[in-house]
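Asks: heads up, no residue letters with this:
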């Protein structure tokens, strides 16, 4: 296997998916109320969200989770809100996890949904992509609904780093705005697609995949399929699979076949969080060794299902 291209996010994503032979992204959303009891044998979670106990337990859970699945998944997505709620120590933990993910040669995505204008966006871009960033990642999520200018500050870091832009999200309320129509009967997310296409096409790598991608949910399969046809060069980050109700068949509508391998897909990643982080079978384990074994088994099972 040739070395992974580290200077173009689209290439790096494509090659990492091919190397791991699957397109599953582990979403780490460390809900305090879902962390298994096996992590609370010596100390307990408290109602004070900023407590040292809570930090230590979340730290232990996330670190062991990453170490357990490192050889399986091509990408990990960290939801920043779950670390932000823990205060300064939560940001320290986020930094620690970013470094660990990079050490394991896994694509690191921070789900922060940034989107502003001018100097504010410059600060956001520097926070995640500068050489001295405490949060070394490969890509972040972007909210473009202030306008296409929200991308300007981030483009200086493209194509080495990646952007996943919210186009049609997986939540029920996505219809409230994203599917509203203009006078020409064109939906807002379709207008956004047209605006994004030139920027996506400008940053295509050797595998015909851009460093600018989009977020679109498996819970809207028809829209997902439509967007894929419109944006063939964009890497897709596809949430909504599993707990939110999107099926495997629905999610795969956003992927394209890997021409080199039969029955293999590439060009995007399907995200799952609760189903991978908190499977019931693992939550009931009485020791860490058993928990790790069950987390690994469940992940292998989910990867197998995606390829059926």
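Replies: On my side now, so go ahead. The model shown is predicted, which means the values in this text are computed figures rather than measured ones.

Asks: At which residues are the strands of the stretch 101-250 of the chain located?
Replies: With DSSP state E, counting those that start in this stretch as the criterion, the stretch 101-250 of the chain has strands at 107-114, 139-142, 162-168, 212-216, 236-238.

Asks: which one of the ones you listed lies closest to residue 184?
Replies: Smallest distance to residue 184 across these (CB to CB): 18.6 Å, for strand 162-168. Just so you know, the C-beta spots here come from the backbone N, C-alpha and C atoms, and that holds for glycine as well.

Asks: what does that closest one rub up against?
Replies: For strand 162-168, the surrounding residues in contact (CB atoms under 8 Å, 6 or more residues apart in numbering) are 9-10, 13, 109, 113, 138-145, 151, 154, 174, 178-179, 189, 192-193, 196, 211-217, 220, 223-224, 227, 235, 237.

Asks: from the chain's centre, how far out does it sit?
Replies: How far strand 162-168 lies from its chain's middle: 10 Å, per CA atoms, centre = their mean, to the nearest Å.

Asks: can you offset everything so residue one is 15?
Replies: New numbering, starting at 15: the last item is strand 176-182.

Asks: Compute the inter-axis angle for that strand and strand 121-128.
Replies: Interaxial angle, strand 176-182 versus strand 121-128 (axes from the mean of the first three to the mean of the last three CA atoms, to 10 degrees): 50 degrees.

Asks: Residue 128: how many residues sit nearby?
Replies: 21 (other CB atoms under 10 Å).

Asks: show me where pLDDT drops low in the stretch 165-314 of the chain?
Replies: 256-259, 275-278 (pLDDT under 70).

Asks: can we see that at 80?
Replies: For the stretch 165-314 of the chain, applying pLDDT under 80 flags the ranges 254-261, 271-279.

Asks: ranges for the helices of it?
Replies: Remark: helices assigned in the stretch 165-314 of the chain by DSSP state H, counting those that start in this stretch are 188-192, 202-216, 235-244, 262-266, 288-291, 294-297, 302-320.

Asks: Of those helices, which is nearest residue 108?
Replies: helix 288-291 (16.0 Å).

Asks: And for residue 283, the neighbour number?
Replies: Neighbours of residue 283 using other CB under 10 Å come to 30.

Asks: what do you get for the one 5 residues further on?
Replies: Here the number of neighbours of residue 288 (other CB under 10 Å) works out to 14.

Asks: Settle this for me: it is touching residue 44, isn't it.
Replies: No. Using CB atoms under 8 Å, residue 288 is not in contact with residue 44, being 10.9 Å away.

Asks: returning to what we had before: reformat the helices of the stretch 165-314 of the chain as CSV; add distance to residue 133.
Replies: Formatted as CSV, the helices of the stretch 165-314 of the chain follow (distance: least, CB to CB, whole Å):
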stretch, distance to residue 133
helix 188-192, 27
helix 202-216, 21
helix 235-244, 32
helix 262-266, 38
helix 288-291, 36
helix 294-297, 45
helix 302-320, 42
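
Asks: Out of the ones you listed, the one nearest residue 86 is which?
Replies: helix 302-320 (5.5 Å).

Asks: thinking again about what came up before, tell me the most buried of the strands of the stretch 115-264 of the chain?
Replies: strand 226-230 (a mean of 29; mean count of other CB atoms under 10 Å).

Asks: and the angle for that strand with strand 176-182?
Replies: Going by the same axes, to 10 degrees, strand 226-230 makes 30 degrees with strand 176-182.
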